[in-house]
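> The following block contains a protein sequence and its predicted model.
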Amino acid sequence: MKNPDILRHAKGESLFTDDIVVPEETLHAAVFSSPVAHGIIKRLNLETARQTDGIYGILTADDIPCANQIGSIIQDEPLLASSEVNYIGQPIAIVVGKSAAVSRAAIQEIEFEFEELPAVFDARESCHQGQLIIPPRDYSLGNTEDTWQHCDVIVEGKADSGGQEHLYFETQSAFAYITKSGGLKVISSTQSLTDIQRCIASVLGLPMNQVEVDVSLVGGSFGGKQYQAKTWAALAALAAFRLKKPVKLILSRDEDIRITGKRHPYSTDFKIGLTKEGKILAYEVTYYQNAGAIADLSTALLEKTLLHTTGSYFIPNVTATGISCRTNLPPNTAMRGFGGPESAFVIEAAIFKAAQKMGIDPSVIQRKNLLQVGDPLIYGMNIRHNQACQCWEAAEKKYEINEIRRQIREFNESHQLQKKGLAMMPICYGIAFETIFLNQASALVHVYTDGSVSVSTAAVEMGQGVNMKIRTIATWVLGIPPDKIKIESTNTARIPNTSTSGNCSTDLNGHATQSACLIILDRLKKFAAQQLDIDQPDDIEIRNGTICLRGKETQMTWEKLVSGAYFQRINLSARAHYAIPDVSFDFNQKKGTPFFYHVFGTAVIEALVDCLRGTYQIETARILQDVGNSSSPLIDKGQVEGGVLQGIGWMTIEELNYADNGSLLSDNLDDYNIPDICFAPDIEVDFLENAENSPGIFSSKALGEPPFFYGIGAYFAILQAMKAFRPTLAEQFSAPLTSEKVLLSLYGK
C-alpha cells in the first residue's frame with residue numbers, strides 16, 4: 001500500500017501551519033525575550049515600539065486575563081516573565097503587527113534595563129549550590145554495598161553526554177483566531193494537543209470546550225513539540241484573544257535554535273564490579289541532569305533514565321540516583337529516546353572500561369550479561385518477552401562478526417595512520433508511559449453512504465508514518481481498499497483528552513481504531529446476514545470491498561452493503577476507547593509494571609579513523625531489529641534508518657557550544673553540524689524473524705525511540721579505532737566525540 005503522505009511531501013503539496021491560507025486581517029507576532037541568563041527587569045519601556053507604524057499591540061504579563069502559568073508537571077513556568085528572568089530567550093512581551101518583519105523591527109525599539117544576577121550553567125555546580133528541580137530520585141535492586149567484596153574487577157569513571165538540537169523541518173508555529181462562540185481555535189505544530197488546550201484555557205480563563213486545537217501535519221518534532229509548543233500557541237492565543245484578530249506566530253530558524261530547549265546534557269559517575277569471567281555483579285550510577293531553568297519534562301525524563309539504567313543487561317545489584325539540576329539555560333526538554341539513551345551510554349562506557357582493564361573485548365561482557373526471560377529489572381518488573389539474545393545471535397550470524405573482526409585486524413596491521421574499530425550495541429526499551437493515566441486513546445470512525453471512511457484519532461503525523469499505519473489497520477479490519485479511508489486531522493473537539501503522541505502512538509490509537517472499526521463491522525455483518533438469509537454473521541467476510549460468504553464471493557459489494565444499512569437506519573459511526581492493560585507503577589515505592597512490552601535489537605557499527613587528522617567515517621551500521629510482526633515494513637525500516645543516523649549525530653558531530661554568559665554560539669547550521677548524506681554510513685536493516693508481539697497492534701512493536709540508541713555504538717567503534725592506534729589511550733567518555741576531541745585525545749598529554 002502506498003503512503004499518500006509521502007507523495008504529498010515529495011511534491012511540496014503538504015500543508016503545515018505556516019502554509020495555511022489565513023484571512024487578510026491576520027496579524028503576525030514576534031517575541032521580545034530576555035537578553036540575559038539571569039536577572040531582574042529594572043525598566044521596560046514599550047511606548048516607542050508601540051508607536052511603530054503597523055504595530056497593533058504589545059502584550060506583557062499584565063495583559064494576561066487569568067493565570068500567568070503554563071507549567072504542567074511543576075508549576076514553575078510563567079508564560080511571560082514579569083520581574084525576574086532565568087534564561088536567555090525567556091519570553092517577556094509579544095509584539096503584534098501587520099507582518100512578521102514589522103513586529104521584529106519593533107522589538108528593536110523596546111528600551112530595557114536588567115540587573116544581572118549570578119548564573120550557573122553546569123549541572124554539577126548547580127547541584128553543589130542546591131539548585132534542584134526536585135529532590136534526588138534513587139532506585140535500587142539487590143545490595144551493591146555488600147557485593148563489592150565479591151567482585152574480582154571494579155572500575156569507576158565519569159561519562160558526559162551533550163545536548164542535541166531537535167532541528168525539525170518546521171519551526172515552532174501557531175495560528176489562533178476567535179470563534180463565533182467567543183472561544184478560540186488554534187492550529188499548532190504540536191504533538192500535545194490537550195496540553196495546549198488546557199494551558200490556553202488556564203491562561204485566558206476559559207473552559208476547555210471553548211478552546212479547540214487542530215493539528216493536520218507536523219513538520220518533525222522528535223520531542224521538541226511535545227511540551228514546548230504550548231508556549232508559542234498560548235502567546236498566539238493571548239494576542240488573538242486580546243486584539244480580537246487572527247494572529248500567527250512563526251519562529252524563524254535562528255530564533256528556534258537559539259531560544260528553545262534541547263536534549264538534556266548529562267554528567268554521570270559510575271562504578272561497576274564483575275567476576276573474572278565477565279559477569280556483572282554490581283553497578284552504581286549517579287546522573288546529574290542539566291534541566292535548564294524550567295522543570296519542563298525533566299522529572300519525567302529523568303524517571304525514564306533511571307528505569308533504563310541497566311540497558312540491555314541483567315545486573316543483580318544496582319543503585320541508581322538521578323539529580324535534576326536547575327541551570328540558567330533554556331529549559332531542556334523531551335527528545336527521541338526520552339532519557340533512555342543517556343543511561344545506555346553510561347552503562348556501555350562502564351562495560352568498555354571494565355573490558356579494557358580485563359584485556360577482553362567489550363562484546364564478551366555484553367553477551368554474557370544480556371537479559372533473559374524472568375530477569376528482574378531495577379523497578380521490579382520481570383522481563384516477560386525477551387528477544388535480546390536472539391537479536392544478538394542473529395546479528396552475529398547474519399553479519400559474520402568473526403569475519404568482520406578478521407578484516408579489521410588485517411586492515412589495522414597494514415595501515416599505520418588509519419585504523420578501524422567495531423562495536424556491538426544491544427538495546428532494550430520499554431514501551432508505554434510510566435505515568436499510567438497517559439496510556440489511553442480514543443478513535444472516532446464514520447462510514448459514509450458512498451462507502452468512504454473517515455478516521456479520527458489522537459495520533460499526530462510528524463513524518464513517522466502513523467497516519468499510514470492507522471489507515472492500514474482500518475483497511476485490514478474493514479476489508480476495504482486503503483483509498484477509501486481518510487485520516488482526519490487531530491482535533492480536540494473530535495477526540496478529547498488526548499495523551500501525548502509519542503512512541504506508543506500506533507499501539508494506543510491503532511487499538512482504538514481497530515475497536516471502533518470492529519463495532520461497525522459487527523453491525524454490517526449482521527445486516528449482511530439478514531440480506532443473504534443466513535443465521536451466522538461470522539460466516540461473512542469482507543475482502544477488498546467484496547462481501548464473501550464462507551470464503552466465496554457474493555454479488556454484494558461494500559458500497560451496496562453500506563448504502564443498504566443506512567436505509568435500514570443502522571448506525572455507521574462508532575467511537576472506541578483503548579487503555580493499555582496490565583500496567584501499573586507506584587512512584588513512591590518505585591516499583592511496578594510500567595511497560596507493556598520491551599523492544600530489543602542489536603547493531604554492528606564499523607568506524608574508520610584518520611589518526612593523523614582526527615577525522616573519521618562511520619562506515620557501516622548493520623542492524624538486527626525486533627519489530628514483532630511489522631504492519632508497514634517500509635515505514636519501520638525508515639524509522640530505524642533515521643533513528644540510528646540521528647543517534648550517530650548525537651554521539652559524534654552535533655555539539656552545542658555556549659558563551660560564558662549562557663548565549664548559544666552554535667545557533668545556526670554553519671556552526672551546528674548534523675549528519676548529511678555524505679556523513680551517513682551504509683545502513684543495513686534486517687528484522688528478527690518469528691518474533692510476534694501479542695500485546696502490540698497486529699503483533700507489531702513500536703519503533704519511534706529504540707533505533708536512536710544504536711548511535712551509541714558509533715562512539716565506541718571510534719574509540720576502538722583510537723585504541724588500535726594508541727593502546728595506552730586513557731578512556732575519557734565525553735560525547736559528542738568530535739574530530740577535535742579525537743585529535744586531542746590521540747596526541748594530547
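Perfect, thanks for sending it. Owing to the predicted nature of the structure, the values given are computational and were not obtained by experimental measurement.
> so residue 727 sits in a strand?
No - under DSSP: H, G, I helix; E, B strand; the rest coil, residue 727 falls outside any strand and is assigned coil.
> what number of residues lie near it?
Here the number of neighbours of residue 727 (other CB atoms under 10 Å) works out to 8. (C-beta placed from N, C-alpha, C; glycine too.)
> what do you get for residue 681?
Residue 681, neighbours per other CB under 10 Å, totals 20.
> Tell me the spacing between the closest residue to it other than its chain neighbours and residue 740.
Once flanking residues are discounted, residue 681 sits nearest to residue 618: 4.2 Å by CB to CB, 6 or more residues apart in numbering. To residue 740, residue 618 is 17 Å away according to CB to CB, to the nearest Å.
> Same drill for the two, tell me which one is more crowded.
Each of residue 618 and residue 740 has its neighbours counted (other CB under 10 Å); residue 618 has more, 26 against 10.
> contacting residues for the more buried one?
605, 606, 607, 648, 652, 679, 680, 681, 714, 717, 718 (CB atoms under 8 Å, 6 or more residues apart in numbering).
> Okay, domains of this structure per the record?
Domain assignment for the chain by automatic domain parsing gives 22-117+174-256, 266-433+588-747, 440-579.
> pLDDT on the shortest one, on average?
Put plainly, it is domain 440-579. Per-region confidence: domain 440-579 scores 95 on mean pLDDT.
> Between the two ends of it, how far is it?
Distance across domain 440-579, first residue to last, is 4 Å (CA to CA, to the nearest Å).
> so how far is that domain off the chain centroid?
In terms of CA atoms, centre = their mean, to the nearest Å, the centre of domain 440-579 is set 29 Å apart from its chain centre.
> I'd like the distance from stretch 42-55 to the chain centre, please.
The answer for stretch 42-55 is 39 Å, by CA atoms, centre = their mean.
> got it, and stretch 360-377?
With CA atoms, centre = their mean as the basis, stretch 360-377 stands 27 Å off its chain's centre.
> Identify all contacting residues around it.
Stretch 360-377 is contacted from outside by 141, 274, 277-280, 307, 310, 312-315, 348, 351-352, 354-355, 358, 382-386, 388-389, 392, 423-424, 426, 428, 716, using CB under 8 Å, 6+ apart.
> quick revisit: including distance to residue 167, could the domains of the chain go into CSV?
Shown next, in CSV, are the domains of the chain (distance: least, CB to CB, whole Å):
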stretch, distance to residue 167
domain 22-117+174-256, 8
domain 266-433+588-747, 6
domain 440-579, 13
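> Figure out which of those is closest to residue 150.
When the domains of the chain are ranked by distance to residue 150, counting by CB to CB, first place goes to domain 266-433+588-747 at 6.1 Å.
> now do the same end-to-end measure for the closest one.
Domain 266-433+588-747 has an end-to-end distance of 26 Å (CA to CA).
> One more: stretch 305-314?
Stretch 305-314 has an end-to-end distance of 16 Å (CA to CA).
> Residues touching it, excluding its own?
Stretch 305-314 is contacted from outside by 137, 139, 266, 280, 283, 285, 287, 289, 318, 320, 322, 339-340, 342-344, 347-348, 366, 369-372, 375-379, 388, 426-430, 434, 594, 600, using CB under 8 Å, 6+ apart.
> Stretch 120-132 now?
The contact list for stretch 120-132, computed with CB under 8 Å, 6+ apart, reads 37, 265-267, 288-291, 323-329, 658, 662.
> buried ones in it?
Within stretch 120-132, the residues that count as buried by 16 or more other CB atoms under 10 Å are 120, 121, 123, 126, 127, 131.
> Endpoints of it, how far apart?
12 Å.
> still on that earlier bit, ok, the buried residues of stretch 120-132 vs residue 495, which is closest?
residue 123 (38.3 Å).
> outside of stretch 742-749, which residues touch it?
For stretch 742-749, with CB under 8 Å, 6+ apart as the criterion, the contacting residues are 609, 611, 613, 614, 615, 616, 718, 722, 725, 726, 729, 732.
> Report the buried members of those residues.
609, 611, 614, 616, 718, 722, 725, 732.
> okay, now residue 240: neighbour count?
27.
> so who does it touch?
Residue 240 sits next to 176, 177, 178, 184, 246, 247 when contact means CB under 8 Å, 6+ apart.
> Mark which of those are buried, thanks.
Buried among the contacts of residue 240 by 16+ other CB under 10 Å: 176, 177, 178, 184, 246, 247.
> residue boundaries of the strands in the stretch 201-350 of the chain?
211-215, 247-250, 266-274, 280-292, 317-326 (DSSP state E, counting those that start in this stretch).
> With respect to residue 700, which of those lies nearest?
The minimum distance between residue 700 and the strands of the stretch 201-350 of the chain falls on strand 211-215, with 23.8 Å, by CB to CB.
> what residues does that closest one touch?
179, 183-191, 193-194, 196-197, 200-201, 204, 233, 237, 460, 489-493.
> Off-centre distance for that strand?
22 Å.
> what do you get for stretch 606-621?
Per CA atoms, centre = their mean, the centroid offset for stretch 606-621 relative to its chain is 28 Å.
> and the end-to-end length of it?
The straight-line separation of the ends of stretch 606-621 (CA to CA) is 7 Å.
> The most centrally placed residue in the chain and residue 129, how far apart?
The centre of the chain sits closest to residue 336, judged by CA atoms, centre = their mean, with a distance of 3.2 Å. Residue 336 is 31 Å from residue 129, where distance means CB to CB.
> again, but for residue 222
As judged by CB to CB, residue 222 and residue 129 stand 31 Å apart.
> same check, this time on residue 552
77 Å.
> One more: residue 494?
48 Å.
> which parts of stretch 429-441 are buried?
Judged by neighbour count (16+ other CB under 10 Å), stretch 429-441 contains these buried residues: 429, 430, 431, 432, 433, 434, 436, 438, 439, 440, 441.
> who touches the first one in this structure?
Right, residue 429. Neighbour list for residue 429: 308, 337, 340, 598, 599, 705, 706, 709 [criterion: CB under 8 Å, 6+ apart].
> what does the last one give?
Remark: with contacts taken as CB under 8 Å, 6+ apart, residue 441 is in contact with 457, 458, 459, 498, 499, 508, 509, 511, 512, 577, 578.
> secondary structure class for residue 720?
Note that with three-state DSSP, the state of residue 720 is helix.
> Likewise for the one 10 residues further on?
Residue 730 falls in the coil class when you classify it by three-state DSSP.
> Take the contacts of stretch 305-314 and keep only those in helices.
340, 342, 343, 344, 347, 348, 366, 388 (DSSP state H).
> CSV please, covering the residues you listed and showing distance to residue 70 and pLDDT.
Listed next are those as CSV, based on distance: CB to CB, whole Å; pLDDT from 0 to 100:
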residue, distance to residue 70, pLDDT
340, 26, 97
342, 26, 98
343, 29, 98
344, 31, 98
347, 35, 98
348, 37, 98
366, 43, 98
388, 41, 95
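> among those, which ones are buried?
Neighbour-count burial (16+ other CB under 10 Å) applied to these gives 340, 342, 343, 344, 347, 348, 366, 388.
> which of those residues are the two that sit furthest away from each other?
342 and 388 (20.0 Å).
> Would you list the phi and psi of residue 542?
phi -110, psi 120 (degrees, to the nearest 10).
> Once you drop chain neighbours, what's closest to it?
Nearest residue to residue 542 in three dimensions, chain neighbours excluded: residue 479, at 3.2 Å (CB to CB, 6+ apart).
> do the same with residue 74
Nearest to residue 74 is residue 295, by CB to CB, 6+ apart, at 3.8 Å.
> give me phi/psi at the one you found?
Torsion angles, degrees, to the nearest 10, at residue 295: phi -60, psi -40.
> By average pLDDT, which secondary structure element in this protein comes out worst?
helix 4-11 (a mean of 86; mean pLDDT, DSSP states H and E).
> who touches that helix?
Residues outside helix 4-11 that contact it (CB under 8 Å, 6+ apart) are 14, 217, 461, 463, 465, 467, 468.
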